[in-house]
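# Show me the folded form of this:
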Amino acid sequence: MYLNHEVLTLNQLGTAQATPNSTVLTEVAKPRLKKRKLLAVLQKHLFGNRFLIVGGGYRTGKSALMTQLYASSLDAGLPAYYINCSDFEITESVNQNPDHIFNYIPRVLNRKTYVIIDDIDMLSDPMKTLGYWFDYYGDMLMVAASAGSNFWGTPENTAALSRRARFFKLRTLDFEEFLYFKSEDRMLAALNKMSSNTPVSLSDKHKIYELFAEYAVWGGFPQVVLAPTEAEKRKALTGIYAIIMENCLPAGSNTGVHHLAYAFRILSQENGGKLVHSEIAKAADLS
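Presented below is the predicted three-dimensional model:
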């Protein structure tokens, strides 16, 4: 069943001591966006003893999730601060010395300060920085950070941080989230009934199948799902596709994006069959 989308109150979040009207040094407008399932999970883990790291691919909604986590923390009365590592000044300062984080948030010894960081992989060594903050300031800081899907690095790096942080993957919308983002509340309720073997009307079944066909064609990128017309969906998806494909190619590679795309099409047609790598490379003109 789909998780509650309402922002949790302080009592629901936990028993942490809240400081009302805490000053926010990096302002972010409180977003009125559709909320992901992962938001409620992160809210509940804010009072744990490990940092929270959210990894996800391009356009999966990491920045929206971080601003929502920040906004809901403020709504709950927590002393929360938002930092975007795309800000060159902040990134350069923290790269020089991890203690410079306290140039942007207060250093308070008698309570936790909640720091929501977007794009932490913009730092030169985010793993080392997070480890330093946890080891030296873990009793006064709770850090929740987002990063690209390539952040995890080597298994050794991930293992070194595992005792200090919980890792979460943000993927594209699942079908329940797809229905929620499209404001298909009645169909979402019907889907939950079907999942529990409760009868639903034939018209509702047909509508769910119709919506699932749309989901199968356009996928679950939030930007694409929320686009109101097919033309806008196609434009958004084309832009996302181009960026992802470019990132799949090694730096300096002469392989064209269309060659790689063709290889993926061949792979999609070979589902369940035997793969012959040399034939795929030849057909797609890859070397």
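
# following the helix or strand bottoming out on mean pLDDT in the chain, which helix or strand comes up?
Scoring the helices and strands of the chain by mean pLDDT, DSSP states H and E places helix 10-13 at the bottom, with a mean of 33. With elements assigned by DSSP states H and E, the helix or strand that comes after helix 10-13 is helix 37-45.

# Give me the residue ranges of the stretch 51-200 of the chain where confidence is low.
152-157 (pLDDT under 70).

# First-to-last residue distance for stretch 82-90?
Terminal residues of stretch 82-90 are spaced 12 Å apart (Cα to Cα, to the nearest Å).

# Only the buried residues of it, if you could.
Buried residues in stretch 82-90, counted by 16 or more other Cβ atoms under 10 Å: 82-85, 90. No exception for glycine: its C-beta is placed from N, CA and C like everyone else's.

# And for stretch 235-252?
Buried, per 16+ other Cβ under 10 Å, within stretch 235-252: 236-237, 240.

# Which ones among the residues you listed map onto helices?
236-237, 240 (DSSP state H).

# Can you tell me which of those residues is closest to residue 111?
The nearest member of these to residue 111, counting by Cβ to Cβ, is residue 240 at 40.9 Å.

# Touching, that closest one and residue 57? I think so.
No: Residue 240 is not in contact with residue 57 according to Cβ atoms under 8 Å; the separation is 9.3 Å.

# mind exporting stretch 130-147 as CSV, just the C-alpha atoms?
Below are the C-alpha coordinates for stretch 130-147, written out as CSV (Å, rounded to 0.1, in the frame of the first residue of the first chain):
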residue,chain,number,x,y,z
LEU,A,130,31.3,12.4,5.5
GLY,A,131,33.5,10.1,7.5
TYR,A,132,35.3,13.0,9.1
TRP,A,133,32.0,14.7,10.0
PHE,A,134,30.6,11.5,11.5
ASP,A,135,33.7,10.7,13.5
TYR,A,136,34.3,14.2,15.0
TYR,A,137,30.7,15.7,15.0
GLY,A,138,28.4,12.7,14.9
ASP,A,139,26.9,13.6,18.3
MET,A,140,25.9,17.1,17.1
LEU,A,141,25.2,16.6,13.4
MET,A,142,22.7,14.6,11.4
VAL,A,143,23.6,14.8,7.7
ALA,A,144,21.2,13.7,5.0
ALA,A,145,22.8,14.0,1.6
SER,A,146,22.0,13.2,-2.1
ALA,A,147,24.4,12.1,-4.7
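
# Okay, buried residues for it please.
Quick answer for stretch 130-147 (16+ other Cβ under 10 Å): 130-134, 137, 141-147.

# Now, the residues you listed that are in strands?
141-147 (DSSP state E).

# now those in TSV, with distance to residue 227?
Shown next, in TSV, are these (distance: Cβ to Cβ, whole Å):
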residue	distance to residue 227
141	38
142	35
143	33
144	29
145	29
146	23
147	26
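
# one step back: sort out which of the buried residues of stretch 82-90 are in strands and list them.
82-84.

# and these as TSV, adding distance to residue 115?
TSV is the format used below for those (distance: Cβ to Cβ, whole Å):
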residue	distance to residue 115
82	8
83	7
84	12
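
# Looking at those, spot the one nearest residue 201.
For those, the nearest to residue 201 is residue 82 (44.9 Å; Cβ to Cβ).

# so what's the closest one bridging to?
residue 116 (DSSP bridges).

# And it, how close does it get to residue 40?
Residue 82 sits 19 Å away from residue 40, going by Cβ to Cβ, to the nearest Å.
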